Structure formats: C-alpha cells, structure tokens
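S.K.: Need a 3D model of the following:
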Amino acid sequence: MLKCYIRATEALKRLRTDQDGVVSFEYIIVAACIIGAVSAAFGTGATGAIGTALSGGITAITTKFTAAV
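M.R.: Next up is the predicted model:
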C-alpha cells in the first residue's frame, strides 16, 4: 500500500511540474477561440457579414469579367 502511495505522489509531482501539458492545453483554448471568432464573423452558412460581403464581391467581379469578355 505504501508503494502505491509513493508512486501516486511521485506521479502527481511530475504532472504538476510538467510544462508541456499546460502548453498543449493553451493551444486547445486558443484554437477554440479562433474557431469561435471565425464562425461569428462568417456565420455557419456564409450568412455572416463577411460571408455576405465576400459573396457580393465575387458576384461583382464575375459580372464585370463576363461583361469585359
């Protein structure tokens, strides 16, 4: 029983001082924030403000290009 306690204590000490796990968890948080910002800007079906502006711009370019040719 004492051996298990010592192993568990040592494992928790290593986990507490492990910086790699913290960094990867921070990357997960940053990625979730980026996904949230992109979905807020573009909307889920390209119905957001930026999606609408891009669709309008592409339509305008296509119309001008078709008229020029």
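S.K.: Could you measure from residue 62 over to residue 37?
M.R.: Taking Cβ to Cβ, to the nearest Å as the criterion, residue 62 is separated from residue 37 by 28 Å. C-beta coordinates here come from the backbone N, C-alpha and C atoms, glycine included.
S.K.: for the helix ranked longest in the chain, which positions count as buried?
M.R.: As assigned by DSSP state H, the longest helix anywhere in the chain is helix 20-42. Residues of helix 20-42 classed as buried by neighbour count (16 or more other Cβ atoms under 10 Å): residue 42.
S.K.: going forward, begin numbering at 424 instead of 1
M.R.: All set: I'll call the first residue 424, so the last point we hit is now helix 443-465.
S.K.: elements contacting it?
M.R.: In this structure, helix 443-465 makes packing contacts with helix 472-491, judged by 3 or more Cβ pairs under 8 Å, 6 or more residues apart in numbering; DSSP states H and E.
S.K.: name the helices or strands packed onto the helix it packs on?
M.R.: Secondary structure elements in contact with helix 472-491, counted by 3+ Cβ pairs under 8 Å, 6+ apart, are helix 443-465.
S.K.: can you dump the C-alpha coordinates of the helix it packs on into CSV?
M.R.: Extracted in CSV, the C-alpha atoms of helix 443-465 (Å, rounded to 0.1, in the frame of the first residue of the first chain):
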residue,chain,number,x,y,z
ASP,A,443,4.3,20.5,-21.9
GLY,A,444,0.8,19.6,-20.9
VAL,A,445,0.0,23.2,-20.0
VAL,A,446,1.2,24.5,-23.3
SER,A,447,-0.8,22.0,-25.3
PHE,A,448,-3.9,22.9,-23.2
GLU,A,449,-3.3,26.5,-24.0
TYR,A,450,-3.2,25.7,-27.7
ILE,A,451,-6.6,24.0,-27.4
ILE,A,452,-8.0,27.1,-25.8
VAL,A,453,-6.6,29.4,-28.5
ALA,A,454,-7.9,27.1,-31.2
ALA,A,455,-11.4,27.1,-29.7
CYS,A,456,-11.3,31.0,-29.6
ILE,A,457,-10.2,31.2,-33.2
ILE,A,458,-12.9,28.8,-34.3
GLY,A,459,-15.5,30.9,-32.4
ALA,A,460,-14.3,34.1,-33.9
VAL,A,461,-14.3,32.7,-37.5
SER,A,462,-17.8,31.3,-37.1
ALA,A,463,-19.0,34.5,-35.6
ALA,A,464,-17.6,36.5,-38.5
PHE,A,465,-18.6,34.2,-41.3
